[in-house]
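Colleague: give the three-dimensional model of this entry:
(2 chains)
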Amino acid sequence: MIPISGLTSTVLNQEVVLPPMANATAGQAVFSQPFDIKANRNVRITAGANVDNSWADLDVDLVNDQSQEIESVNVPVEYYSGSDSDGAWTEGGKTSDATLSSLPAGKYTLRVEGTWQNWQVQMPVTVKVEQNVNRGVNFCCALLVLAIVPILGLFRKIAFESSRWKDSMFSTSSSDSSDDSDE
Amino acid sequence: MRRQGRTVVMLKKLYFVFGMAVLAFYASAAWFGWELANSGSRSRLGVPFIYTGFRGGK
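Modeller: A predicted model of the protein is given here:
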């Protein structure tokens, strides 16, 4: 959330073309050009495919060129559109992303493996790797954890006040108001 | 009554310490680039059942 180590930077933005598949299940894989990843910065991988009323299921591996360690993410892309009695509708999108925690610094290559609906034709895929992405997930988690105690305190106070005023003639509980309405 | 007041003060102090610990952890996560909810398969702080992005699957 807080960009302590700088603003978002794009380290790779490339279009790779997956060749046509031999059959509907045998996926194709291509490698991107190598790029540098800096340490202590989260990584967002965005994949875009020209899908129209179809889908592409992409498995993206971040391969460390020095240690050969692999970090894998699944990035499914699907986009459907049409129109019905309620009007035009769309579902999904032509891009999808996945975010990772920071990785060791070094030179990396992306291995993009995919299967897609129209497997007889090639599939151009745009891959973008960004670092230092600002996300609200950590902030929301911290806020949620910090809010637990005040929320419990509030419930306790409400329960205490309601029990304190329970037998009072000035009580604002629903039973008294119903008595008033009967008169 | 006095004892109850002491307990409340102690709970407030505990909550303050807890809050500071949460803030320190949040700052560390921002500094080191940790993502609590991420899509990585072997992430250090990964929560495997929380994902990002569109997850349809066909």
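
Colleague: packing partners of the helix ranked longest in chain A?
Modeller: Criterion DSSP state H: the longest helix present in chain A is helix A:137-164. Helices and strands touching helix A:137-164, by 3 or more CB pairs under 8 Å, 6 or more residues apart in numbering or on different chains; DSSP states H and E, are helix B:2-32. All C-beta atoms are positioned from the backbone trio N, CA, C, and that covers glycine.

Colleague: what is the helix it packs on packed up against?
Modeller: Helix B:2-32 packs on helix A:137-164, going by 3+ CB pairs under 8 Å, 6+ apart.

Colleague: the helix it packs on: which residues count as buried?
Modeller: A:137-138, A:141-142 (16 or more other CB atoms under 10 Å in any protein chain shown).

Colleague: now the longest helix of chain A: average pLDDT?
Modeller: Regarding helix A:137-164, the rounded mean pLDDT is 91.

Colleague: compute the inter-axis angle for that helix and helix B:2-32.
Modeller: Helix A:137-164 runs at 160 degrees relative to helix B:2-32, counting by axes from the mean of the first three to the mean of the last three CA atoms, to 10 degrees.

Colleague: each with direction, which strands does the helix or strand where residue A:74 lies pair with?
Modeller: Secondary structure from DSSP states H and E places residue A:74 in strand A:70-84. Here strand A:70-84 is paired, per DSSP bridges, with strand A:54-64 (antiparallel), strand A:87-93 (antiparallel).

Colleague: average pLDDT for it?
Modeller: For strand A:70-84, mean pLDDT is 92.

Colleague: with just CA atoms, put it into PDB.
Modeller: Taking C-alpha atoms only, strand A:70-84 is exported to PDB below (Å, rounded to 0.1, in the frame of the first residue of the first chain):
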ATOM      1  CA  ILE A  70      10.900 -21.400 -10.500                       C
ATOM      2  CA  GLU A  71       7.900 -19.400  -9.200                       C
ATOM      3  CA  SER A  72       4.700 -20.400 -10.900                       C
ATOM      4  CA  VAL A  73       1.400 -18.600 -11.200                       C
ATOM      5  CA  ASN A  74      -1.800 -19.400 -13.100                       C
ATOM      6  CA  VAL A  75      -3.300 -16.600 -15.100                       C
ATOM      7  CA  PRO A  76      -6.600 -17.500 -16.700                       C
ATOM      8  CA  VAL A  77      -8.000 -15.000 -19.300                       C
ATOM      9  CA  GLU A  78     -11.600 -15.200 -20.500                       C
ATOM     10  CA  TYR A  79     -13.900 -12.800 -22.000                       C
ATOM     11  CA  TYR A  80     -17.600 -13.300 -22.900                       C
ATOM     12  CA  SER A  81     -20.100 -10.800 -24.200                       C
ATOM     13  CA  GLY A  82     -23.500 -10.800 -25.700                       C
ATOM     14  CA  SER A  83     -26.900  -9.300 -25.300                       C
ATOM     15  CA  ASP A  84     -30.200 -10.500 -23.900                       C
END
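
Colleague: can you give me the offset of stretch A:137-145 from its chain's centre?
Modeller: Distance of stretch A:137-145 from the chain centroid (CA atoms, centre = their mean, to the nearest Å) equals 15 Å.

Colleague: contacts for that stretch?
Modeller: With CB atoms under 8 Å, 6 or more residues apart in numbering or on different chains as the test, stretch A:137-145 has contacts from A:1, B:22-23, B:25-26, B:29-30, B:34-37, B:52.

Colleague: how about residue A:104, what does it touch?
Modeller: Taking CB under 8 Å, 6+ apart, we find residue A:104 in contact with A:37, A:39, A:64, A:67, A:69.

Colleague: name the element it belongs to?
Modeller: Per DSSP H and E, there is no helix or strand for residue A:104.
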